[in-house]
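>>> Here's a sequence, model it:
(chains A and B)
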Protein chains: 2
Amino acid sequence: MTTATADSSNADIKSVLAAEFARFLPPDSIIADEETQKPYECDGLSMYCEMPLLVVLPETVAQVQQVLRLCHQRGVPVVARGAGTGLCAGAMPHSDGVLLSLAKFNRILDIDPLARTARLQPGVRNLAISEAAWPHGLYYGPDPSSQIACSIGGNVAENSGGVHCLKYGLTVHNLLQVEMITVEGERLVIGSAGLDSGGPDLLALITGSEGLLGVITEVTVKLLPMPEKAQVVMAAFDSVQTAGEAVSAVISRGIIPAGLEMMDEHAIVAAEAFVHAGYPTDAEALLLCEVDGTREEVEEHIQQVAGLFESMGASIRVSRDDAERALLWKGRKSAFPAVGRISPDYYCMDGTIPRGKLAHVLMAMQDMSAHYGLRVANVFHAGDGNLHPLILFDANMPGEFERAEAFGGKILELCVAVGGCITGEHGVGVEKIRQMAIQFGDAEIAQFHAIKAAFDPVGTLNPGKGIPVLKNCQEYRALKPDGMQPLSHVHGSTL
Amino acid sequence: MTTATADSSNADIKSVLAAEFARFLPPDSIIADEETQKPYECDGLSMYCEMPLLVVLPETVAQVQQVLRLCHQRGVPVVARGAGTGLCAGAMPHSDGVLLSLAKFNRILDIDPLARTARLQPGVRNLAISEAAWPHGLYYGPDPSSQIACSIGGNVAENSGGVHCLKYGLTVHNLLQVEMITVEGERLVIGSAGLDSGGPDLLALITGSEGLLGVITEVTVKLLPMPEKAQVVMAAFDSVQTAGEAVSAVISRGIIPAGLEMMDEHAIVAAEAFVHAGYPTDAEALLLCEVDGTREEVEEHIQQVAGLFESMGASIRVSRDDAERALLWKGRKSAFPAVGRISPDYYCMDGTIPRGKLAHVLMAMQDMSAHYGLRVANVFHAGDGNLHPLILFDANMPGEFERAEAFGGKILELCVAVGGCITGEHGVGVEKIRQMAIQFGDAEIAQFHAIKAAFDPVGTLNPGKGIPVLKNCQEYRALKPDGMQPLSHVHGSTL
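Model (predicted):
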């Protein structure tokens, strides 16, 4: 993707670039030494690392425009980075490129309580938005587990979700407007204050585009009113199958919980040992179902949900106050680090399946676990079918990393095979780029490239991520034992 | 846009095309005579008419592919058409082109009550989806006023809304998957059963794309559970300003009504004379606020809303049963034909403004009404700031049509000036193409063209609609008395 010739060594390009950046960036906005660059070598998915040529941290929109123009002219790849908490290696640096950090764009520009909007620089942390909105009785809906650290620009780039996205949607459903800089340094304002806008809907296109189409420099989000009440039901099941059926049963009743999460026995045991939330460690599956809304609505729905779970054989516990509710959630929210305590390494996957296929997929994963000789713990957003299997491995044991990677890939293919897709909220990045060939056919992949070229004709922005090379797709499919065809081409199969 | 040479007369091209179509289309799928073509000369916005070369009505996806390939190869424009109820001339035929009607794609392919989805051919009528879903206690959310006639393919093409989109969103928020045929005849499957999908989000891009990017051949939508209860409050205000403030007040309370509609005095009088809903004809403004949900939730919210309106000086009436609720809505739903009875012609505009600007914009429209010497009646989705001013005129009076068109343009510019946008749910089409120059700058318009070219490089699909020629934008802006710059370039001004 880079036009740097084989003659010029990376060191030469690096010093030339650094000198050019120094004309418009302050010295502390250019990081050229390896030691200071080290924290930028990967995002939250530390399996994929790379050192960039240079890290730059512009402070103004004009500086972002200049960085992009310069790199575009010189054919130097640019990888934009928010807080680096992403989980698909979408922000992994390019070895011949510039890493553009938006960390200095960290100001909340405006909170409008009447319009219920927040205008933000991209480096503002997700939780900081809600903290600024709370005094007005408002909050920002999407709540990734990393919300204390992750930034809103990164949330837009990966279309992040969270525990509450079942009811309140992903980032794309909570956005009003984005300002972005094109690879040519042009400033685009996309979206509007209204539900609709004229012209092609670029807002959703930019959301989840993983830095492939432009660099986001401002984000306006919707704020939600704090619900009057929230309450959680914990239900312990002695079978994963019944827990899966209980998820479908809740939704079938017309109840949309604020969150509906499932944990399997490995995850329950690990979480309980870590935070002592009072989880029943002999359960095969645990559901946490939160309802929010008006006092009357919550009381009615909690009663219905609790009754339903009991009728399906679960033993239940209903939070009596906010302290107990927080405790019940603490186990779920700490599940990843808790699993980290029982295994040297773990690999968090992300895929989505139709709710009705939950039990089937969980069973199939148990078989795969035996096949690959690696344990798997499941903690996930059951309500919207978004799985997060944690594959446990030890990177110091020869072959375990490769087995974990292969196991993860198989899980994604299983998601597609049952009518789901290869991502729920983490994006594609480097991690899932091969599985794109399974979810999409050549016509769709070709169209993705055409869209990419409409923004970035020579491929300066985040090359090698998100959209696979067409030839690689064909090769990958050919390698499949069953000569698997992309499922989107089987009529109606993806639903 | 067409490459038909000046030498070949339209008649020649027409007969050549008709002969080629006859190879793969049955005779009754090709309409060549003017009389039978007549019903296709315009969409619901009958101010803009044009006769096509040919009308074709394919019956299979393969036929749609062949029509597109043939036209694309020969440089013949193609305009896709659903039920023809659109209101921006988006489906107006091209005089040198083929009108591709999807009327024969009228089958409901599948209703899945468990997954709560409906898989549909594009010609299925909006209301027919809900009718098929009702036996399962489900319905389809978006409800344009034309729902008895408009088709789901057209709804996707224009991203249609309706009375309930305040709570349940526009078409784009209720879509899961679309199958479309590219201009080259390739079949693309876009979207998935999950909240997210890999690759660039083409689903939202296709939604509202007005036939410029491809032809939709299948649509999968979400279905919603029927609410347990719905109730409506009618509130009569003696000032438009207070009614506007009441709209903001409801939303500020954290209540999201299923619908929140406003009518001004012209609309009230016309509707009451037509359907005798019991509207107070001496009121300056009428609000209809519907709440749906569980019994408890509805009772609580209705009490709050009614109390709020009363405290602001309104006289109120609350529906006691579904018959009364239907009657109160009947006036609103018949408002357009009712206004049609008091004026030979009317021109229905569509723009969106921030809720807080309602009173200001309604006042400004009164001034414009005096300036242009044309009456205006207002009936609109107040809750989401989506205006539908009806400009009354008589096409038989010299100059009235032109004054109505100019008045409408001014209203759109006012919407943009107060931080709104030029469409709410009707789209851009031919009608609003000039005002795109006011809402967007050259960089955005250029990006829209790049996106268009990524799907349709030579401009075969619906040329002349949706996205204005860049040069025309610059000329249009230069004509503005105040040398108006696109507002998206004033920092933060669009919010």
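
>>> and the residue nearest to residue A:106 when sequence neighbours are not counted, how many neighbours?
With sequence-adjacent residues excluded and distances taken as CB to CB, 6 or more residues apart in numbering or on different chains, residue A:106 is closest to residue A:123, at 4.1 Å. From N, CA and C alone the C-beta is placed, and that goes for glycine too. If you count neighbours by other CB atoms under 10 Å in any protein chain shown, residue A:123 ends up with 22.

>>> Residue A:123 against residue A:153, yeah?
Yes: contact criterion CB atoms under 8 Å: residue A:123 and residue A:153 qualify, at 6.3 Å.

>>> Mutual contacts of these two, please.
Residues touching both residue A:123 and residue A:153 (CB atoms under 8 Å, 6 or more residues apart in numbering or on different chains) are A:82, A:102, A:105.

>>> Tell me who's in contact with the second one.
Think residue A:102. Taking CB under 8 Å, 6+ apart, we find residue A:102 in contact with A:80-82, A:121-123, A:151, A:153, A:215-217.

>>> Quick check: phi and psi at it.
phi -100, psi 20 (degrees, to the nearest 10).

>>> cool, and residue A:434?
Per degrees, to the nearest 10, the backbone of residue A:434 is at phi -70, psi -40.

>>> what's the answer for residue A:35, then?
phi -60, psi -40.

>>> for residue A:80, same thing?
phi -80, psi 150.

>>> What distance do you get for the closest residue to it other than its chain neighbours to residue A:68?
Spatial nearest neighbour of residue A:80, excluding adjacent residues (CB to CB, 6+ apart): residue A:211 at 4.2 Å. Note on residue A:211: its distance to residue A:68, by CB to CB, to the nearest Å, is 11 Å.

>>> And residue A:453, by the same measure?
For residue A:453, the distance to residue A:68 - CB to CB - is 17 Å.

>>> Show me which of these two is the more surrounded one.
Shown here are residue A:453 and residue A:68; by other CB under 10 Å, residue A:68 has more neighbours (25 against 14).

>>> Now do the SS call for that one.
Under DSSP: H, G, I helix; E, B strand; the rest coil, the three-state class of residue A:68 is helix.

>>> show me what contacts it?
Applying CB under 8 Å, 6+ apart, the residues near residue A:68 are A:78, A:100, A:181-185, A:215, A:460.

>>> follow-up on the earlier one: what about the residue nearest to residue A:106, which SS state?
Going by three-state DSSP: residue A:123 is coil.

>>> Tell me the pLDDT of it.
pLDDT recorded at residue A:123 is 97.

>>> what's the answer for residue A:481, then?
55.

>>> now do residue A:300
Value for residue A:300, per-residue pLDDT: 90.

>>> thought it was touching residue B:296?
Yes: counting by CB under 8 Å, residue A:300 does reach residue B:296; the two are 5.9 Å apart.

>>> Only C-alpha atoms, please: export stretch A:13-21 in PDB.
Included here for stretch A:13-21 are C-alpha records, laid out as PDB according to Å, rounded to 0.1, in the frame of the first residue of the first chain:
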ATOM      1  CA  ILE A  13      11.800   8.200   5.500                       C
ATOM      2  CA  LYS A  14      11.300   8.500   9.200                       C
ATOM      3  CA  SER A  15      13.800  11.400   9.600                       C
ATOM      4  CA  VAL A  16      12.400  13.200   6.500                       C
ATOM      5  CA  LEU A  17       8.900  12.900   7.800                       C
ATOM      6  CA  ALA A  18       9.800  14.000  11.300                       C
ATOM      7  CA  ALA A  19      11.500  17.100   9.900                       C
ATOM      8  CA  GLU A  20       8.300  17.900   7.900                       C
ATOM      9  CA  PHE A  21       6.000  17.300  10.800                       C
END
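
>>> Could you list the residues in contact with that stretch?
Contacts for stretch A:13-21 (CB under 8 Å, 6+ apart): A:4, A:29-30, A:32, A:53-54, A:56, A:67, A:70, A:74, A:76, A:96, A:98.

>>> do that again at 10 Å, thanks
Stretch A:13-21 is contacted by residues A:2, A:4-5, A:8-9, A:25, A:27, A:29-32, A:52-54, A:56, A:58, A:63, A:66-67, A:70-71, A:73-76, A:96-98 when judged by CB atoms under 10 Å, 6 or more residues apart in numbering or on different chains.

>>> Among those, which ones are in helices?
A:63, A:66-67, A:70-71, A:73-74 (DSSP state H).

>>> domains of chain A?
With domains defined by automatic domain parsing, chain A comprises A:10-101, A:108-225, A:229-338, A:344-489.

>>> Comparing those domains, which yields the minimum mean pLDDT?
domain A:344-489 (a mean of 89).

>>> What is the neighbour count of the closest residue to chain B within the stretch 351-495 of chain A?
Closest residue of the stretch 351-495 of chain A to chain B, CB to the nearest CB: residue A:352 (3.4 Å). Neighbours of residue A:352 under the rule other CB under 10 Å: 27.

>>> so the residue nearest to residue A:80 sits right up against residue A:101, yeah?
No: taking contacts as CB atoms under 10 Å, residue A:211 lies outside contact range of residue A:101: 11.8 Å.

>>> Touching both of those two, which residues are there?
Residues touching both residue A:211 and residue A:101 (CB under 10 Å, 6+ apart) are A:79-82, A:91.

>>> what two of these have the greatest distance between them?
Within the shared contacts of residue A:211 and residue A:101, A:79 and A:82 form the most distant pair, 11.2 Å apart (CB to CB).

>>> Which one's more surrounded, the two?
For residue A:79 versus residue A:82, neighbours defined as other CB under 10 Å are more numerous around residue A:82 (30 against 27).
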